[in-house]
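# Here you go, sequence then predicted model.
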Amino acid sequence: MVDVKQDTGKAPDPFEPFREMRDAYLDAMSKTMVEAVNSESYAKASGAMLDWSLTATGPFREAMDKSMLQAMQQLSLPSRQEIAALAERFTNLELRVDDLDAKLDRVLDLLAQMRPTPPAEQTDSRERPAGEAK
Amino acid sequence: MPKATSLVEEYAAFQERMRAFSRIVTTKAPIAQSPKTQVWALNKARLFRYTPHHESMHPHRIPLLLVFAIMNRPYILDLRPGHSFVEFMVGKGYDVYLLDWGSPGIEDKNMKFDDYALEYLPRAIRKMKQISESNEFSMLGWCIGAIITTIYAALRPDDGLRNLLLLTAPLDFSNRSGLTFAKWTDEKYFDLEKVLTAYGNMPGEMIDYGAKSLKPVENWVGNYCKLWDNLDNPRAVEAWQAMNTWVTDNIPMAGAAYRQLITEFYRNNLLIQNQLHIRNELVNLSHIRASLLTVIAEGDHITPPCQSEAILHKVSSTDKQVYRIPGGHIGIMAGSSAHRITWPHIEAWLGARSN
């Protein structure tokens, strides 16, 4: 083993002899598991598990939310819902600012179009034959 | 019989290997390194413009907007230097923009696909068109990002969209027996309202758990065996760690958007049947006229190929192609062969349509 390490520069891996066996096992397991998770019974079981965990934790979560809300009120601090509502209002403000930005860009574009043509270009157009100008 | 000293040495080397393994698994790799500038922001959304390699180096006139899913970080498109789709496209002379939806907070639980497709995306596009001084643009939507870009393309066909690229696009949910997610979220088993009442948004960890459960052995065992086997290969370790950094960076999905995804897409398949309404507007896919490239991953277990095929028969585009690649949902764009197979094909298709 020491010689191998010197030849390849690799650190010895005690699992090396078992690698093929491991890969074959994982391949077989993978196929079995993919079939299992794709079954109706898995969908039913995972749905039931999720439902059970939400039902079990629901009362605690509600109690925690209520007590937290009361604590925040006692401390004269805004609740999570109030912060969320404030954030929503900020987003609405951002939307308005973005609308204004778009309008301002349009105004600037129009102003750029109304700008008088530079003298050099005016000279060019005067020198151009009438037919070509159209 | 091995000598006692060699056994001690081997044990020390094994311990070192374990330490390296543990360090790689628990640390983040430097990712999303391509230089970029933020050019627009709204709520959590950000629009980035990638800096060209040389100033004024944009041989392709039409800018490219990248739109990724709303429940994953978009930097999978710019994973690491030397292996980044963004870097590749910038190097080919495209004016590349990336829309990062950000991570929704509880205040965003009412955000729907309506908001993403008709409030955020059009504003980001307006800014991109203004900066690039181009009335036309190309758009690449990947995964749920492909749903949003498809809705936009159908509802705003006259906004200058010239090229639409859809990567592993989950648009058709009719083959329910082939969709594991459809089984799990069937109304018989999955109480959607109970989950959203409890959490507001769909937690990123639950989405990640669902995605990994599709191939549990590969994701929870095989993935780590692969790292263990390649610990002596710095390039393989770098690639593994970058991907692991992205995979473990989960973000929640806005509650209302998740409700829509389950009820209107997975359960009722409204989009592909031209029955989906977004802000009271009917999404009629036949209104899409842009050149269309649909990229399908043959081995995709998250968006099976059957979900991405029907769109070709629904659009009015005369220039449309489907490109099938062996590989998985993420692997086709971020895997080790992406730079040899997927990216050049996308670039060749887009290059011919970007001037």
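Right, received. Where do you want to start?
# all helices of chain A, in order?
Taking DSSP state H as the test, the helices found in chain A are A:2-8, A:19-37, A:40-74, A:80-114, A:119-127, A:130-133.
# Distance to B:P59 added to those helices, as CSV?
Any C-beta I mention is one placed from the backbone N, CA and C, and that applies to glycine too. Listed next are the helices of chain A as CSV, based on distance: least, C-beta to C-beta, whole Å:
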stretch, distance to B:P59
helix A:2-8, 46
helix A:19-37, 45
helix A:40-74, 51
helix A:80-114, 26
helix A:119-127, 28
helix A:130-133, 31
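# CSV for those, including mean pLDDT and mean neighbour count?
Shown next, in CSV, are the helices of chain A (pLDDT from 0 to 100; neighbours: other C-beta atoms under 10 Å in any protein chain shown):
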stretch, mean pLDDT, mean neighbour count
helix A:2-8, 44, 11
helix A:19-37, 93, 13
helix A:40-74, 94, 13
helix A:80-114, 93, 12
helix A:119-127, 52, 9
helix A:130-133, 40, 7
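# What are the boundaries of the helices in the stretch 51-200 of chain B?
B:85-91, B:113-115, B:121-132, B:144-155, B:180-184, B:192-199 (DSSP state H, counting those that start in this stretch).
# right, so of these, which gets closest to chain A?
Nearest to chain A among these is helix B:180-184; the distance by C-beta to the nearest C-beta comes to 4.4 Å.
# For that closest one, output the C-alpha coordinates as CSV.
Output in CSV follows, covering the C-alpha atoms of helix B:180-184 (Å, rounded to 0.1, in the frame of the first residue of the first chain):
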residue,chain,number,x,y,z
THR,B,180,-43.6,12.1,-10.1
PHE,B,181,-44.2,15.6,-8.8
ALA,B,182,-47.8,15.4,-10.2
LYS,B,183,-48.4,12.3,-8.2
TRP,B,184,-47.0,13.8,-5.0
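# contacting residues around that helix?
For helix B:180-184, contacts defined as C-beta atoms under 8 Å, 6 or more residues apart in numbering or on different chains pick out A:37-38, A:40, A:42-43, A:46-47, B:173, B:176, B:189-190, B:210, B:214, B:266-267, B:301-302.
# what does the stretch 201-350 of chain B put close to chain A?
Contact residues (C-beta under 8 Å from any C-beta of the partner chain) of the stretch 201-350 of chain B with chain A: B:213-218, B:221-222, B:225, B:228-229, B:231-232, B:301.
# Pairing partners for B:L65 in the sheet, please.
B:L65 has these beta-bridge partners by DSSP bridges: B:Y97, B:M139.
# Is it possible to get CSV of the helices of the stretch 51-200 of chain B that adds mean neighbour count and mean pLDDT?
Shown next, in CSV, are the helices of the stretch 51-200 of chain B (neighbours: other C-beta atoms under 10 Å in any protein chain shown; pLDDT from 0 to 100):
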stretch, mean neighbour count, mean pLDDT
helix B:85-91, 22, 95
helix B:113-115, 21, 98
helix B:121-132, 20, 96
helix B:144-155, 25, 98
helix B:180-184, 22, 95
helix B:192-199, 16, 95
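# returning to that earlier point: in helices only, show me the residues of the stretch 201-350 of chain B next to chain A.
Per DSSP H, helices hold the following members of these: B:213, B:216-217, B:225, B:228-229.
# which one of those residues is nearest chain A?
Of these, the one sitting nearest to chain A (C-beta to the nearest C-beta) turns out to be B:V217, at 4.0 Å.
# and the nearest residue to that closest one once chain neighbours are set aside, what is it in contact with?
Counting by C-beta to C-beta, 6 or more residues apart in numbering or on different chains, the nearest residue to B:V217 once its immediate chain neighbours are dropped is A:S30, at 4.0 Å. Taking C-beta under 8 Å, 6+ apart, we find A:S30 in contact with B:215, B:217-218, B:222.
# Please identify which residue in chain B comes closest to chain A.
B:Y189 (3.1 Å).
# Now that residue. Nearest residue, chain neighbours left out?
Once flanking residues are discounted, B:Y189 sits nearest to A:G47: 3.1 Å by C-beta to C-beta, 6+ apart.
# Quick check: that neighbour touching B:K194?
No: counting by C-beta atoms under 8 Å, A:G47 sits too far from B:K194 to count as a contact (10.3 Å).
# overlap in contacts of those two?
With C-beta under 8 Å, 6+ apart as the test, A:G47 and B:K194 reach no residue in common.
# got a pLDDT number for B:L282?
Listed pLDDT for B:L282 reads 97.
# you'd agree it is up against B:L271?
No: counting by C-beta under 8 Å, B:L282 stays clear of B:L271, with 10.9 Å between them.
# So between the two, which is more surrounded?
Taking neighbours as other C-beta atoms under 10 Å in any protein chain shown, B:L282 and B:L271 compare with B:L271 leading, 25 against 12.
# so that one, which of the three states?
Put simply, B:L271 is coil when judged by DSSP: H, G, I helix; E, B strand; the rest coil.
# For it, which non-adjacent residue is spatially closest?
B:L171 (5.9 Å).
# how deep is the one you found tucked in, by neighbour count?
B:L171 has 22 nearby residues by other C-beta under 10 Å.
# what are the phi and psi angles of it?
Backbone torsions of B:L171, given as degrees, to the nearest 10, read phi -110, psi -30.
# same question, B:K314
phi -100, psi -20.
# now do B:K36
Dihedral angles of B:K36 (phi, psi; degrees, to the nearest 10) stand at phi -150, psi 160.
# Quick check: it touching B:D95?
No: if you go by C-beta under 8 Å, B:K36 and B:D95 don't touch, sitting 12.0 Å apart.
# Chain neighbours aside, what residue packs nearest to the most centrally placed residue in chain A?
Chain A has A:T91 as the residue nearest its centroid, 17.4 Å off, counting by C-alpha atoms, centre = their mean. Among residues not flanking A:T91 along the chain, B:N43 sits closest, at 4.6 Å (C-beta to C-beta, 6+ apart).
# Please look at the one you found and A:L93 and confirm they touch.
No: counting by C-beta under 8 Å, B:N43 sits too far from A:L93 to count as a contact (10.4 Å).
# what's the overlap in contacts for these two?
Shared contacts of B:N43 and A:L93 (C-beta under 8 Å, 6+ apart): none.
# Out of the helices of chain A, which gets nearest to B:R19?
Among the helices of chain A, the nearest to B:R19 by C-beta to C-beta is helix A:2-8 (17.2 Å).
# In chain A, what residue comes closest to chain B?
Nearest residue of chain A to chain B (C-beta to the nearest C-beta) works out as A:G47 at 3.1 Å.
# Which one's more surrounded, B:K36 and B:D95?
Legend: neighbour count by other C-beta under 10 Å for B:K36 and B:D95, higher for B:D95 (26 against 19).
# Now do the same contact list for the more buried one.
So B:D95 contacts B:49, B:52, B:58, B:60, B:62-64, B:132, B:134 (C-beta under 8 Å, 6+ apart).
# restrict those residues to those near chain A?
Near chain A, by the rule C-beta under 8 Å from any C-beta, you find none of those.
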